[in-house]
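**Q** sequence and predicted model, in that order:
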Amino acid sequence: MVASVAGSRGSRFALSGTGQVSPNRVAVLANGEFAGRRITMPRRAVLTREGDGWRLAPTQLGFGKGIVIASGRVLGSETDLELKMAGMPLSVGDIFIGDLGLGGSASGIVNYRAADGRAATGDAALMIKGLTRSGLVLSSKPVDLALVARLGAASFETRAVIKESGETRGRLQARIAGLPAGGALGPRLRAGSLFAQLRYSGPADALWRLVAVEIIDLTGPLAVAADVTGTLDAPRVRGSLASDNLRVQSGVSGTDLRQVRARGSFDGSRLQLSSIRATTKAGGSVIGAGTIDLSNLGTRGPGIDLRIAARDALLVDRDDMAAEVTGPLRIISDGIGGTIAGRLSVERARWQLGRAASPAALPVIRTREINRRADLRPERVLGSPWRYLIDARAPNRVEVRGLGLDSEWSADIRLRGTTAAPVIFGQADMIRGGYEFAGKRFDLTRGRIRFFGENPPDPLLDILAEADVDNLSARIAIRGTAQVPQITFTSTPALPEEEVLSRLLFGSSITQISAIEALQLGAAVASLQGGGGLDPINKLRASIGLDRLRIVGADPVLGRGTSIAVGKYLGRRFFVELVTDGQGYSATSLEFRVTRWLALLSTISTVGDESLNVKVSKDY
């Protein structure tokens, strides 16, 4: 007899074999492949009839680099099976549970005995090396698990030791008593009375990543002590959780909470977190409390309900945006998706214009399958993107850069959408700043950025910048969107746009510029379309920790040469800017913001110029 079969069960498989069949003897030899690993049999499996069943002679089966030797009595009223394993890959579990993602190998012995009219019994002694679980992005830290178990007629007992990097990190012992005398093994275990104890002190990621939650990652030391009673279907957990130096990170938002100090206790299937304290990269802090529901870990991730109070906390730190916030937040998840909600005051933020990009994604089409093949694995419940429900106000210190802008704004926005497709509503109003164009700086005199919920965020711009060159007063108007800005030039006296550009860049008419200057003019026009280029001023400003760094043109009336200006916030309301040309001229400007629309301005310079002004800015 010759047979072959191929298909999919979690992963692609192919199996072929030969056999000899007689009434009292069956011999089979098979080879194949599953999930890219070879299935081998160095010699035939031989079954001989014994009473109403069959006796399996010791038979070796190889999978990848692991082997299992099976022998015993099977396929009758009595079963007595022995399995001996060495280095068997745990990825074989994907045959039974799709996308299980387990890594590592198992070695040891498993015995199972059952007979008609009698309860099944057995025992096992296993050593699991390098146990991990992998998701799309993260893999858990490998741990070793030494396990012994015994199944009796009326009870089940097990003990396990968890080791990481050669050191004992945890211990588990469990007993299920009062097992029914008959029935299948699964229902018997679920019907018994459970008592279990877990003690763990080691890396948090070794446990957390086994749950395969991708959006949030936990690392650092963790101590858990838990006692479990009840049943497997309805466990009641009592115990505690503690850590003094956890780290919580999210690759989606760039969140990085450090030195997390957490205290919690178990209540049934819920972990009650009574205290959470953490710091962020910018020196902010986070405190909070909440619950984590562990009741549905077999089919989805943990349920989460956390209430958090942030203070100057850097909770968003992406390439295109960042925000330090103060205020309440709530994080809720059913184990598949979740919501991040809050009403926040933004202490400091940055937005990079022209950098957002929409990720390419295949469309999701709702389908219903009929006549599904039995060999296909059951589909795993997919996680959903988390939703944003955040309102944020920023009276100042919102940095908007990119496309030539270097500016500070106030903002009142609403963040909606999902982590996969965030959308923003609201507007930002200019406080101060400049516009760099081909080495020339224009002072911003008007600015408003409006968000209407596009994805990726592509706000509508309304910005006016002005500069004086010789006898020409030039204005640059920036409208359109951040991705497709529309930039126009006007002047007093009125001149054609290309003439205005030439005089701004080179101080002469377009008819008098050289070929090299004409090339520079073309490059300047290209930068208006988002070509960008190097940005050394902003890179220097960021590296030395300033809030503002700019070049100021010469002013013969004030006796000031070309100068450099540096500005820094001292607290939330007080702004100081120093200007010097390195040749004797210096000036100090002070601004104290009384309210969102009222500010006091003061200037002192070396030429004896002193002033005190009131600045009022109000939208009507």
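**A** Right, received. Where do you want to start? Numbering: from 1, shown residues only.
**Q** now do the residue lying closest to residue 142 once chain neighbours are set aside against residue 104, distance only.
**A** Nearest residue to residue 142 in three dimensions, chain neighbours excluded: residue 130, at 4.2 Å (CB to CB, 6 or more residues apart in numbering). Bear in mind the C-beta positions are built from the backbone N, C-alpha and C, glycine included. For residue 130, the distance to residue 104 equals 4 Å [CB to CB, to the nearest Å].
**Q** out of the two, which sits in the busier spot?
**A** More crowded of residue 130 and residue 104, by other CB atoms under 10 Å: residue 104, with 19 against 13.
**Q** which helix or which strand is home to that one?
**A** Using DSSP states H and E, residue 104 sits within strand 102-115.
**Q** buried residues, that strand. List them.
**A** Residues of strand 102-115 classed as buried: 102-108, 110-114 (neighbour count, 16 or more other CB atoms under 10 Å).
**Q** in a markdown table: those residues, plus pLDDT and distance to residue 512.
**A** Compiled in a markdown table, these are given as follows (pLDDT from 0 to 100; distance: CB to CB, whole Å):
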| residue | pLDDT | distance to residue 512 |
| --- | --- | --- |
| 102 | 78 | 75 |
| 103 | 80 | 72 |
| 104 | 85 | 76 |
| 105 | 89 | 79 |
| 106 | 91 | 83 |
| 107 | 93 | 86 |
| 108 | 94 | 89 |
| 110 | 93 | 92 |
| 111 | 94 | 98 |
| 112 | 91 | 96 |
| 113 | 90 | 102 |
| 114 | 86 | 101 |
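**Q** residue 313: which of those residues is nearest?
**A** residue 103 (35.3 Å; CB to CB).
**Q** surely the closest one meets residue 132?
**A** Yes - using CB atoms under 8 Å, residue 103 is in contact with residue 132, at 4.0 Å.
**Q** related to what we said a few turns ago, doesn't residue 144 make contact with the residue nearest to residue 142?
**A** Yes - with contact defined as CB under 8 Å, residue 130 and residue 144 form a contacting pair (7.0 Å).
**Q** now for residue 453, how many residues are close by?
**A** So residue 453, with other CB under 10 Å, has 14 neighbours.
**Q** distance check, it against residue 353.
**A** 17 Å.
**Q** spit out the contact partners of residue 124.
**A** The contact partners of residue 124, by CB atoms under 8 Å, 6 or more residues apart in numbering, come to 108-111, 147-150.
**Q** wait, I meant residue 570
**A** By CB under 8 Å, 6+ apart, the neighbours of residue 570 are residue 576.
**Q** likewise the one 10 residues further on?
**A** Contact criterion CB under 8 Å, 6+ apart gives 563-564, 586-587 as the residues in contact with residue 580.
**Q** are any of those residues buried, and if so which?
**A** For the contacts of residue 580, buried by 16+ other CB under 10 Å: 563, 586-587.
**Q** now the residues you listed in TSV, please, with extra columns for secondary structure.
**A** Output for the buried ones among the contacts of residue 580, formatted as TSV (DSSP: H, G, I helix; E, B strand; the rest coil):
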residue	secondary structure
563	strand
586	strand
587	strand
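**Q** pick out the lowest-pLDDT one from those residues.
**A** Lowest pLDDT within the buried ones among the contacts of residue 580 is found at residue 563 (79).
**Q** that residue touches residue 578, doesn't it?
**A** No - using CB under 8 Å, residue 563 is not in contact with residue 578; the gap is 9.7 Å.
**Q** what strand or helix carries residue 207?
**A** Applying DSSP H and E, one finds residue 207 within helix 204-208.
**Q** what residues does that helix touch?
**A** By CB under 8 Å, 6+ apart, helix 204-208 touches 138, 140-143, 162, 164, 169, 200, 217-222, 224, 243, 246.
**Q** so which of those sit within strands?
**A** Residues of the contacts of helix 204-208 located in strands (DSSP state E): 143, 162, 164, 169, 200, 217-219, 221-222, 224, 243, 246.
**Q** and the average pLDDT for the helix holding residue 207 is what?
**A** On average, helix 204-208 scores 79.
**Q** stretch 411-424 too?
**A** Mean predicted confidence for stretch 411-424 is 87.
**Q** which stretches in the stretch 1-150 of the chain count as strands?
**A** 2-9, 11-22, 25-34, 37-40, 45-50, 53-63, 66-74, 78-89, 102-115, 118-133, 143-151 (DSSP state E, counting those that start in this stretch).
**Q** flag the shaky bits of the stretch 451-600 of the chain, pLDDT-wise.
**A** Judged by pLDDT under 70, the stretch 451-600 of the chain has its weakly predicted residues at 469-470, 505-508, 513-544, 547, 550-551, 553, 572, 595-597.
**Q** just the stretch 1-150 of the chain next, same as before
**A** 1-13, 35, 94-100, 134-139.
**Q** repeat that for 90
**A** Applying pLDDT under 90 to the stretch 1-150 of the chain picks out residues 1-47, 50-54, 61-66, 74-79, 87-105, 114-121, 130-143.
**Q** same check, this time on the stretch 151-300 of the chain
**A** 153-154, 164-167, 179-191, 202-220, 228-237, 241, 247-256, 266-273, 281-283, 292-300.
**Q** all strands of it, in order?
**A** Counting by DSSP E, counting those that start in this stretch, the strands of the stretch 151-300 of the chain are 155-164, 167-177, 193-203, 217-219, 221-230, 235-249, 256-268, 270-279, 285-293.
**Q** sheet-wise, list the partners of the second one with their directions.
**A** Strands that pair with strand 167-177, judged by DSSP bridges, come out as strand 155-164 (antiparallel), strand 193-203 (antiparallel).
**Q** out of these, which gets nearest to residue 89?
**A** strand 155-164 (19.6 Å).
**Q** how far away from the center of its chain is the closest one?
**A** 33 Å (CA atoms, centre = their mean, to the nearest Å).
**Q** other SSEs contacting the helix or strand encompassing residue 442?
**A** Using DSSP H and E, residue 442 sits within strand 440-452. When contacts are defined as 3 or more CB pairs under 8 Å, 6 or more residues apart in numbering; DSSP states H and E, strand 440-452 packs onto strand 405-417, strand 422-437, strand 460-469, strand 548-552.
**Q** could you dump those to CSV with distance to residue 82 and mean neighbour count?
**A** Listed next are the helices and strands packed on strand 440-452 as CSV, based on distance: least, CB to CB, whole Å; neighbours: other CB atoms under 10 Å:
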stretch, distance to residue 82, mean neighbour count
strand 405-417, 57, 21
strand 422-437, 57, 21
strand 460-469, 73, 19
strand 548-552, 76, 18
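**Q** can I get the ones you listed in JSON lines with distance to residue 325?
**A** Output for the helices and strands packed on strand 440-452, formatted as JSON lines (distance: least, CB to CB, whole Å):
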{"stretch": "strand 405-417", "distance to residue 325": "11"}
{"stretch": "strand 422-437", "distance to residue 325": "15"}
{"stretch": "strand 460-469", "distance to residue 325": "25"}
{"stretch": "strand 548-552", "distance to residue 325": "22"}
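**Q** to residue 511, which of those lies closest?
**A** strand 460-469 (17.1 Å).
**Q** between that closest one and strand 440-452, how many degrees?
**A** 170 degrees (axes from the mean of the first three to the mean of the last three CA atoms, to 10 degrees).
**Q** residue 590 versus residue 301, what's the distance?
**A** 52 Å.
**Q** those two: which is more packed in?
**A** Neighbours were counted for residue 301 and for residue 590 using other CB under 10 Å; residue 301 has more, 24 against 15.
**Q** wait, that one sits on residue 295?
**A** No - with contact defined as CB under 8 Å, residue 301 does not reach residue 295; the gap is 11.6 Å.
**Q** can you tell me which two in the ones in strands among the contacts of helix 204-208 are farthest apart?
**A** 162 and 217 (19.9 Å).
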